[in-house]
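Asker: sequence unknown, structure follows:
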């Protein structure tokens, strides 16, 4: 399969969280994913976009960008913001760690992204922004067969 | 709000199809308003219609669990499907709240209302 890519840009409003995950889910349907694979990706996208809204922009309305591409059976999703950035990425990725406990944040965002995707890479620079890149192989047996 | 129902000292919350940061916030506000206003000893989250939940939902439930524990009550999740069970397990919250596939009968809720104090 040839590389196929898409790019989205939207306001960092919480009402766009649903839009973002459904858009990526619609894009990945060409890989004929299982319902579970779609749910996994939707959850991971929702976590990344929520992080951008809550932590990167802290409620300010700015832009979030999602780039996604498909190569073979591999789906890649990159969620990018130009917000405050993460000073200590390792610490931010620890399960249960949160800087916003008072807002009922569970500190599970990155843990969920890691659990539901095959790989997760977080690049960030304080004051410049954050890019979260996740990949997942969509490996339904029937798919492999069809693509050969 | 339609999805909130107080019966005796139990607060039933019918969760929406999707729980994310956007609507977890709404649920939190309404739940906390009722918890302040009424004497509640048990919260029952009904997942019957829920097909999607991310960690914002976990945070919302965890927060209400803390309030209920503080007030000497407990929290139950009912109609939990496989996907939601997986999410609840991953978060570790299943060690804190009761989870069942079925809804407890009203009687059962009354009888076991004193548990966990």
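Answerer: All right, it came through fine. Small disclaimer: the values here were computed from a predicted structure and weren't measured. Numbering: from 1, shown residues only, chains lettered A, B, ... in the order given.
Asker: how about the helices in chain B?
Answerer: B:21-37, B:55-70, B:82-91, B:106-111 (DSSP state H).
Asker: Let's have those helices in a markdown table, adding distance to residue A:96.
Answerer: C-beta: built from backbone N, CA, C; applies to glycine. Shown next, in a markdown table, are these (distance: least, Cβ to Cβ, whole Å):
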| stretch | distance to residue A:96 |
| --- | --- |
| helix B:21-37 | 17 |
| helix B:55-70 | 10 |
| helix B:82-91 | 9 |
| helix B:106-111 | 31 |
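Asker: Of all those helices, which one is nearest residue A:32?
Answerer: Among the helices of chain B, the nearest to residue A:32 by Cβ to Cβ is helix B:82-91 (19.5 Å).
Asker: which residues touch the residue nearest the centre of chain B?
Answerer: Centroid-nearest residue in chain B: residue B:45, 2.9 Å away (criterion: Cα atoms, centre = their mean). Going by Cβ atoms under 8 Å, 6 or more residues apart in numbering or on different chains, residue B:45 touches B:13, B:15, B:61, B:75, B:76, B:77, B:78.
Asker: now, among these, which is nearest to chain A?
Answerer: Nearest to chain A among the contacts of residue B:45, counting by Cβ to the nearest Cβ, is residue B:61 at 8.7 Å.
Asker: just checking, the closest one touches residue B:94?
Answerer: No: Residue B:61 lies out of contact with residue B:94 (Cβ atoms under 8 Å); the separation is 10.6 Å.
Asker: Apart from its neighbours in sequence, what residue is nearest residue B:32?
Answerer: Excluding the flanking residues, the one nearest residue B:32 by Cβ to Cβ, 6 or more residues apart in numbering or on different chains is residue B:67, at 7.3 Å.
Asker: how near is that neighbour to residue B:37?
Answerer: Taking Cβ to Cβ, to the nearest Å as the measure, residue B:67 and residue B:37 are separated by 13 Å.
Asker: The two: which is more packed in?
Answerer: Between residue B:67 and residue B:37, counting by other Cβ atoms under 10 Å in any protein chain shown, residue B:67 is the more crowded of the two (16 against 9).
Asker: From what I see, the more buried one and residue B:36 are in contact.
Answerer: No: in this structure, residue B:67 is not within contact of residue B:36 by Cβ under 8 Å, at 9.5 Å.
Asker: Low-confidence ranges, the chain, go.
Answerer: Just going to use chain A. A:1, A:140-148 (pLDDT under 70).
Asker: switch to chain B, that's the one I care about
Answerer: In the predicted model of chain B, residues B:1-2, B:103-117 satisfy pLDDT under 70.
Asker: Show me what from it comes close to chain A.
Answerer: By Cβ under 8 Å from any Cβ of the partner chain, the residues of chain B that approach chain A are B:18, B:20-22, B:24-25, B:28, B:51-52, B:54-56, B:58-60, B:62-63, B:83, B:87, B:90-91.
Asker: now do 10 Å
Answerer: Taking Cβ under 10 Å from any Cβ of the partner chain as the measure of proximity, chain B contacts chain A at B:18-25, B:28, B:32, B:51-64, B:66, B:82-83, B:86-87, B:90-93.
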